[in-house]
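**Q** When you get a sec, could you give me coordinates for this:
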Amino acid sequence: MQEIEISLQKHNIRVIEKDVPYVREIVSIIHQAQASLEEFPTINEEVPIVVVDPEVIKFD
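**A** Model prediction:
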C-alpha cells in the first residue's frame, strides 16, 4: 500500500483507487508551493506588477 492510501486510511477517509493519482498530484503541487515559500518567504508582501493594455480598457 502506498503512502497516500495509508494517510487517507489514518484519517478515516475511504480510498478510491481511481482518485489516488489526483490526490498524489495535489500533494505534489502543495509540496512545490511550500518549497517556493521557503526560498522566498516574503513573496506575499511584495506588490505585484500589473500591465494593462489601454485597448482592453477602451473596449471593455
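
**Q** What about residue 51, how many residues nearby?
**A** 4 (other C-beta atoms under 10 Å). Every residue, glycine included, has its C-beta placed from N, CA and C.

**Q** Next: residue 10.
**A** Using other C-beta under 10 Å as the criterion, residue 10 is surrounded by 8 other residues.

**Q** What's the per-residue pLDDT of it here?
**A** Predicted confidence (pLDDT) at residue 10: the value is 93.

**Q** Identify each buried residue in stretch 8-21, please.
**A** Residues of stretch 8-21 classed as buried by neighbour count (16 or more other C-beta atoms under 10 Å): residue 8.

**Q** Any idea how far apart the tips of that stretch sit?
**A** Start and end residues of stretch 8-21 are separated by 13 Å (C-alpha to C-alpha, to the nearest Å).

**Q** Can you tell me what sits against it?
**A** Stretch 8-21 is contacted from outside by 2, 4, 5, 23, using C-beta atoms under 8 Å, 6 or more residues apart in numbering.

**Q** Sort out which of those are buried, if you could.
**A** Neighbour counting by 16+ other C-beta under 10 Å classes 4, 23 among the contacts of stretch 8-21 as buried.

**Q** can you redo the contacts of stretch 8-21 as a markdown table with secondary structure and pLDDT?
**A** Listed next are the contacts of stretch 8-21 as a markdown table, based on DSSP: H, G, I helix; E, B strand; the rest coil; pLDDT from 0 to 100:
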| residue | secondary structure | pLDDT |
| --- | --- | --- |
| 2 | coil | 87 |
| 4 | helix | 87 |
| 5 | helix | 90 |
| 23 | helix | 91 |
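
**Q** Mind picking the two most distant members of the contacts of stretch 8-21?
**A** Farthest pair in the contacts of stretch 8-21 (C-beta to C-beta) is 2 and 23. Separation: 10.1 Å.
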